[in-house]
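J.: Build the 3D model from these lines:
(2 chains)
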Amino acid sequence: EPEVTQTPSHQVTQMGQEVILRCVPISNHLYFYWYRQILGQKVEFLVSFYNNEISEKSEIFDDQFSVERPDGSNFTLKIRSTKLEDSAMYFCASSEDQVGGRGYTFGSGTRLTIV
Amino acid sequence: GDSVTQMEGPVTLSEEAFLTINCTYTATGYPSLFWYVQYPGEGLQLLLKATKADDKGSNKGFEATYRKETTSFHLEKGSVQVSDSAVYFCALIYLSGTYKYIFGTGTRLKVLA
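T.: Reported below is the predicted structural model:
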């Protein structure tokens, strides 16, 4: 069954450093997403991406965050200058259609720890 | 705004016990409702879904019925197995600009042999 692949599975980064989280969505999917879950809290929407541009972003997704699809397969989330409160599990997802009525396919997540 | 509330865990059961994980939602419209499961070391996987009132979603012995009158979507299984140990997330999808999910906090289930 097709998978969404995320790397790395764990990342420890010093505060103030840049970090890039990588995702390979399912090849025929057109819509891509990043969600995050701070420990013990809800899974929160960060950003959606379609046709090589951001469709929607949440209040969390400030100027420190950016997304890119640098080639036909990868979808990356960059945090430019990390803060302690960026520590969370980050999930990438993709879907065939905008509505996601069949559900999104999520990756296994990257656990980001800022020290 | 729209929200999802699910029971806190962890829930610890013996094998073959009956499982209920409660989920209620608040929504202005008529959202689609989902249960996702996350097994250790894996991603969120769609377990089941329901798109309108009174729909019952089912998969792998799990069931949930979309109850509009009680705004609930409780997850049930008649006889759990050790392999069901995972974190279960209730979610709805809503339209605000684009479609996006609202997730509950997740409920960890541990099934003992």
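J.: Let me see the contact set for the nearest residue to B:L19 once chain neighbours are set aside.
T.: Once flanking residues are discounted, B:L19 sits nearest to B:K77: 4.4 Å by Cβ to Cβ, 6 or more residues apart in numbering or on different chains. Quick note: C-beta positions are derived from backbone N, CA and C, even for glycine. Residues in contact with B:K77 (Cβ atoms under 8 Å, 6 or more residues apart in numbering or on different chains) are B:18-19, B:61-63, B:84.
J.: and what of B:T5?
T.: Going by Cβ under 8 Å, 6+ apart, B:T5 touches B:23-26, B:104.
J.: is it in a bridge, and if so with what?
T.: Listed by DSSP bridges, the beta-bridge partners for B:T5 are B:T24.
J.: three-state assignment of A:E85?
T.: helix (DSSP: H, G, I helix; E, B strand; the rest coil).
J.: How many residues are close by it?
T.: 10 (other Cβ atoms under 10 Å in any protein chain shown).
J.: just A:P2 next, same as before
T.: By other Cβ under 10 Å, the burial measure for A:P2, its neighbour count, is 11.
J.: ok, for it, nearest residue in space, not its chain neighbours?
T.: Of all residues not flanking A:P2 in the chain, A:I26 sits nearest, at 4.5 Å (Cβ to Cβ, 6+ apart).
J.: Look up how far B:D55 lies from B:F73.
T.: 10 Å (Cβ to Cβ, to the nearest Å).
J.: Could you tell me the per-residue confidence at residue 50?
T.: If you meant another chain, say so; for now it's chain A. Looking at A:Y50, its pLDDT is 91.
J.: nope, chain B please
T.: B:A50 is given a pLDDT of 93.
J.: again, but for A:Q64
T.: pLDDT recorded at A:Q64 is 96.
J.: got it, and A:Q14?
T.: At A:Q14, the pLDDT value in this model is 97.
J.: Stretch A:9-25: which residues count as buried?
T.: A:11, A:13, A:19, A:21-25 (16 or more other Cβ atoms under 10 Å in any protein chain shown).
J.: My error: substitute stretch B:5-22 in the last question.
T.: B:5-7, B:11, B:13, B:19, B:21-22.
J.: which neighbours do B:F73 and B:D55 share?
T.: Listed as contacting both B:F73 and B:D55 by Cβ under 8 Å, 6+ apart are B:65-66.
J.: So which of those two has more stuff around it?
T.: It is B:F73, of B:F73 and B:D55, that has more neighbours when counted by other Cβ under 10 Å, with 29 against 15.
J.: any idea which helix or strand carries A:F49?
T.: For A:F49, the element it lies in under DSSP states H and E is strand A:43-50.
J.: Let me know how buried the closest residue to A:H10 other than its chain neighbours is, in neighbour terms.
T.: In space, A:H10 comes closest to A:R111 once its chain neighbours are excluded; the distance is 4.9 Å by Cβ to Cβ, 6+ apart. As a burial measure, A:R111 scores 16 neighbours (other Cβ under 10 Å).
J.: List the beta-bridge partners for A:R111.
T.: Going by DSSP bridges, A:R111 forms beta bridges with A:H10, A:M89.
J.: likewise B:Y94?
T.: Going by DSSP bridges, B:Y94 is paired in beta bridges with B:K100.
J.: State whether it and B:Y30 are indeed in contact, as I suppose.
T.: No: applying Cβ atoms under 8 Å, one finds B:Y94 not in contact with B:Y30, separated by 9.7 Å.
J.: Show me which of the two is the more surrounded one.
T.: Using other Cβ under 10 Å, the more surrounded residue of B:Y94 and B:Y30 is B:Y94, with 17 against 13.
J.: Show the contacting residues for the more buried one.
T.: For B:Y94, the contact set (Cβ under 8 Å, 6+ apart) comprises B:2, B:27, B:29, B:31, B:100, B:102.
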